[in-house]
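**Student:** No letters, just coordinates:
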């Protein structure tokens with residue numbers, strides 16, 4: 001198995017083989033919580049206008065996402081795992097738009113298989129990758145809006161690469177590296193309520209969810225669903 005590392009929007013555009021699009025703060029942490037709370041599926045789109053259009057067409061029940069970290073006007077939820085923590089989403093289809101994770105998925109046009117990546121689902125994702133035995137795995141750290149590298153996504157990519165190669169990283173050390181990063185500091189600043197500290201805590205709760213986030217393209221839409229760990 002060849003493991004390649006990519007970053008930002010160009011990394012997603014160039015990714016081949018089995019591709020993991022990584023967005024720790026917060027896209028694929030929020031998705032994990034949504035599925036844990038019963039969501040049926042999540043439709044990923046790059047722009048908020050697409051989300052509104054799809055909802056008007058009856059393609060989804062709820063809108064979830066962010067622009068500049070904030071919930072867009074007219075959306076039901078922001079891109080916050082903590083906001084969803086106690087929300088019953090049983091049977092709901094959610095349409096999600098963020099500035100990094102969903103953009104990366106829609107840009108990964110050369111991928112054969114796509115997963116959404118975060119620390120919350122790292123172990124489950126790696127186990128399913130190992131089971132499927134792809135020739136090439138590309139781990140893409142999306143960073144800030146797909147334009148600037150961010151410690152949390154880069155570290156998550158390295159963490160998953162280590163797992164794929166049979167090594168077990170020190171979780172506390174990994175979290176410390178992420179917390180010291182620039183993006184992490186937003187979650188400690190009371191001037192930015194759109195980035196609650198609880199979101200960071202949930203994003204760094206490594207392997208908190210026992211499923212992967214498998215993303216498939218169906219009828220032109222990118223659909224995320226929880227994928228149970230495949231038994232070896």
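**Tutor:** Now that the structure is in, tell me what you want to look at. Computed from a prediction, not measured in an experiment: that's the story for all the values here. Numbers count the residues shown, from 1 in each chain.

**Student:** Can you give me the distance of residue 28 to residue 189?
**Tutor:** Computed as Cβ to Cβ, to the nearest Å, the residue 28 to residue 189 distance reads 23 Å. All C-beta atoms are positioned from the backbone trio N, CA, C, and that covers glycine.

**Student:** Of the two, which one has the most company?
**Tutor:** Ranked by neighbour count (other Cβ atoms under 10 Å), residue 28 and residue 189 place residue 28 first, with 34 against 10.

**Student:** centre of the chain versus the helix or strand hosting that one, how much separation?
**Tutor:** Assigned by DSSP states H and E, residue 28 belongs to helix 27-36. Relative to its chain's centre, helix 27-36 lies at 8 Å (Cα atoms, centre = their mean, to the nearest Å).

**Student:** contacts for it?
**Tutor:** 21-22, 42, 64, 79-81, 84-85, 89, 94, 96, 98, 100-102, 116-121, 199, 202-203, 208-209, 211, 213, 224-226 (Cβ atoms under 8 Å, 6 or more residues apart in numbering).

**Student:** Give me the subset of the residues you listed that lies in helices.
**Tutor:** 81, 84, 101-102, 199, 202-203 (DSSP state H).

**Student:** Which member of the residues you listed is positioned nearest residue 52?
**Tutor:** residue 102 (14.3 Å; Cβ to Cβ).

**Student:** Can you give me the pLDDT of the closest one?
**Tutor:** For residue 102, the pLDDT comes out at 97.

**Student:** of all the ones in helices among the contacts of helix 27-36, which comes closest to residue 170?
**Tutor:** Among the ones in helices among the contacts of helix 27-36, and counting by Cβ to Cβ, the member closest to residue 170 is residue 203, at 17.8 Å.

**Student:** Could you report the neighbour count for the spatially closest residue to the closest one that is not a sequence neighbour?
**Tutor:** Spatial nearest neighbour of residue 203, excluding adjacent residues (Cβ to Cβ, 6 or more residues apart in numbering): residue 29 at 4.4 Å. Residues within reach of residue 29, counting by other Cβ under 10 Å, total 31.

**Student:** where does residue 29 land on pLDDT?
**Tutor:** At residue 29, pLDDT is 98.

**Student:** what's the answer for residue 231, then?
**Tutor:** 75.

**Student:** tell me the secondary structure for it?
**Tutor:** Following DSSP: H, G, I helix; E, B strand; the rest coil, residue 231 is assigned to coil.
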